[in-house]
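Asker: Got a predicted model here, sequence first, then my questions.
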Amino acid sequence: MSVFLEENAMAWTTIDTAQYARLLEGLPPALAAVADGLQMPPAEAARAIAHHDGDATTAPPQGHRYVIVDGDLTLFGRLNLFGQMAESEDGNTVLIVTGNLHCTDLIQTPGGVILVGGDLVVSRVFETSFGDSLCTVCGDVRVRFYHGLDVWIEFGGRCEIDTGWGYGLPIGYTDAAAQAVYPRHRNGALYDQFDIPPGETWERADAFVTMMLEN
């Protein structure tokens, strides 16, 4: 039986691993295909799984590493997935949205997974330059500023990135070099937009990440 969260009792619920598994089995076909092979939460994560039945307009409760939304998730602000981890934990968050995901800023975690059944729209910054992170979107992708060093977004529809590092690839791509979709304004242009001082790429990248996590 679900335990209702005190912070938002009419919306988010904490569910157990068995309920989470049933929700994964019931995902729409397109999303189920990209979620295939997703590791199940360990048994000790019984109180770290959050579920929203229907469209959500509030961020998931902190400390819940595994999050699934049956509908759209729309936030007029920042969705920082580091908030899903306890202070002693590292990476490996999972966010599944069966509908559209719209937010102002989106910050991924190292080793984290974002799966979106509809469209992904980030009106300002999508920060995902962390090792082994994954973002797959079944619909369209629209991002203003993308910071994705050594990672990419996979998409099922169209991909539009205005400024940034990184690129998008269609789901099931066969030739990454030929099929990659790059930002209109690439690489250092992102740092210039945010007044990151000149320097080596890794120095500017670190400064950008620090800025996003601290502000």
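Answerer: That came through fine. All values reported here derive from a predicted model rather than from experimental measurement.

Asker: And Leu5, what's its pLDDT?
Answerer: For Leu5, the pLDDT comes out at 36.

Asker: So, low pLDDT: which residues of this structure?
Answerer: Regions of the chain meeting the criterion pLDDT under 70 cover residues 1-10, 45-46, 86-91.

Asker: By residue count, tell me the biggest helix in it.
Answerer: Secondary structure of the chain per DSSP state H: the longest helix is helix 201-214.

Asker: Pull the residues that contact that one.
Answerer: 80, 82, 105, 107, 125, 127, 129, 147, 149, 165, 187-188, 190-191, 194, 196-199 (Cβ atoms under 8 Å, 6 or more residues apart in numbering). Heads up, the C-betas are built off the backbone N, CA and C, glycines and all.

Asker: how far does it sit from the chain's center?
Answerer: Relative to the centre of its chain, helix 201-214 is centred 18 Å away, using Cα atoms, centre = their mean, to the nearest Å.

Asker: In helices, which of the contacts of helix 201-214 fall?
Answerer: 188, 190-191.

Asker: sorry, back to before: using PyMOL, define a selection of the buried residues within the contacts of helix 201-214.
Answerer: Those of these that count as buried under 16 or more other Cβ atoms under 10 Å are selected in PyMOL with:
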select buried, resi 80+82+105+107+125+127+129+147+149+165+187+190+191+196
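
Asker: Select from the contacts of helix 201-214 every entry located in strands.
Answerer: 80, 105, 107, 125, 127, 147, 149, 165 (DSSP state E).

Asker: Quick check: closest non-adjacent residue to the residue most central in space within the chain.
Answerer: With distances taken as Cα atoms, centre = their mean, Ile114 lies nearest the centre of the chain, 3.9 Å away. Leaving aside its sequence neighbours, Ile114 sits nearest to Cys135 (Cβ to Cβ, 6 or more residues apart in numbering; 4.4 Å).

Asker: what about the one you found, distance to Thr174?
Answerer: From Cys135 over to Thr174 the distance is 20 Å, taken as Cβ to Cβ, to the nearest Å.

Asker: Look up how far Arg22 lies from His52.
Answerer: With Cβ to Cβ as the criterion, His52 and Arg22 are 15 Å apart.

Asker: Helices of the protein, start to end?
Answerer: 17-25, 29-35, 176-179, 188-193, 201-214.

Asker: who wins for proximity to Gly118 among the ones you listed?
Answerer: helix 29-35 (9.1 Å; Cβ to Cβ).

Asker: And that closest one, what does it pack against?
Answerer: helix 17-25, strand 113-116 (3 or more Cβ pairs under 8 Å, 6 or more residues apart in numbering; DSSP states H and E).

Asker: Between those, which one is closest to Arg47.
Answerer: helix 17-25 (10.5 Å).

Asker: buried stuff in that closest one?
Answerer: Buried residues in helix 17-25 (16+ other Cβ under 10 Å): 17, 19-20, 23-24.

Asker: Sort out which one of the residues you listed lies nearest Leu73 for me.
Answerer: Closest to Leu73, out of all of these and judged by Cβ to Cβ, is Leu23, at 14.8 Å.

Asker: how close does the closest one sit to Cys135?
Answerer: 20 Å.

Asker: Also Asp150?
Answerer: 13 Å.

Asker: How about Thr93?
Answerer: Relative to Cys135, and taking Cβ to Cβ, Thr93 is found at 12 Å.
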